[in-house]
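In: Fold the stuff below for me.
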Amino acid sequence: MAYTLEELNQKDQQGFVDAIGSIWEHSPWVSEQAWGKRPFSSVDELFNAMETEVDEAPMQKKLDLLNAHPDLGGRVKMTDESVQEQKGAGLDQLSPEEHAEFLDLNKQYTEKFGFPFIIAVKGHNKDSIKAAMQERVKNDRDTELETALKEIYKIARFRLDDLVEAA
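Out: Down below sits the predicted model:
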């Protein structure tokens with residue numbers, strides 16, 4: 001269901017979170033905290049308010065947000081949004097060998113950084129995602145933490161744009 005910005009501005013906190021809380025993978029606290037900054041004059045202002053909540057969150061909360069995301073190519077329970085996004089990138093069609101390769105890259109990445117590999121898969125395919133995993137696992141932790149959060153912002157923005165009608 002798509003909402004107008006006006007509808008979102010009029011919702012109580014729970015209604016607001018119910019409407020758009022899912023854009024932050026299993027982390028409705030972002031929308032809960034941004035709700036208090038209503039009314040929003042644009043979708044950009046709404047998104048920036050939520051992004052600021054993440055930016056200003058303590059490190060543990062940021063790590064919890066990162067760890068709320070599923071492993072790419074994994075076969076665990078995911079949100080409907082993640083299922084559709086991974087399907088769009090062809091990750092639901094991995095051969096057994098490709099699946100094993102993704103699991104191995106995910107394991108290397110998670111062991112090194114302490115959170116799963118995150119990439120906004122829109123516009124990617126399984127080959128470009130695998131290449132990004134192989135490249136990013138070489139980064140240092142601070143660089144990768146910043147990169148992963150930027151990817152979460154892209155994911156959340158794509159999801160928000162799908163949920164809120166343009167004015």
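In: Tell me where this structure has helices.
Out: 5-10, 13-20, 29-35, 43-55, 59-67, 80-88, 96-113, 126-136, 141-163 (DSSP state H).
In: so where's this structure shaky on pLDDT?
Out: Residue ranges of the chain with pLDDT under 70: 73-79, 82-83, 167.
In: measure stretch 114-122 end to end?
Out: Stretch 114-122 has an end-to-end distance of 24 Å (C-alpha to C-alpha, to the nearest Å).
In: Just the buried residues of that stretch, please?
Out: For stretch 114-122, a neighbour-count test (16 or more other C-beta atoms under 10 Å) marks 115-121 as buried. Any C-beta I mention is one placed from the backbone N, CA and C, and that applies to glycine too.
In: swap in stretch 53-63?
Out: 53-54, 57, 62-63.
In: Kindly reformat the residues you listed as a markdown table and extend each row with distance to residue 80.
Out: A markdown table is the format used below for these (distance: C-beta to C-beta, whole Å):
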| residue | distance to residue 80 |
| --- | --- |
| 53 | 23 |
| 54 | 22 |
| 57 | 25 |
| 62 | 24 |
| 63 | 24 |
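In: any idea how far residue 33 lies from residue 54?
Out: 9 Å (C-beta to C-beta, to the nearest Å).
In: now residue 86
Out: According to C-beta to C-beta, residue 86 and residue 54 sit 22 Å apart.
In: same check, this time on residue 114
Out: Relative to residue 54, and taking C-beta to C-beta, residue 114 is found at 18 Å.
In: can you check residue 23 too?
Out: Relative to residue 54, and taking C-beta to C-beta, residue 23 is found at 12 Å.
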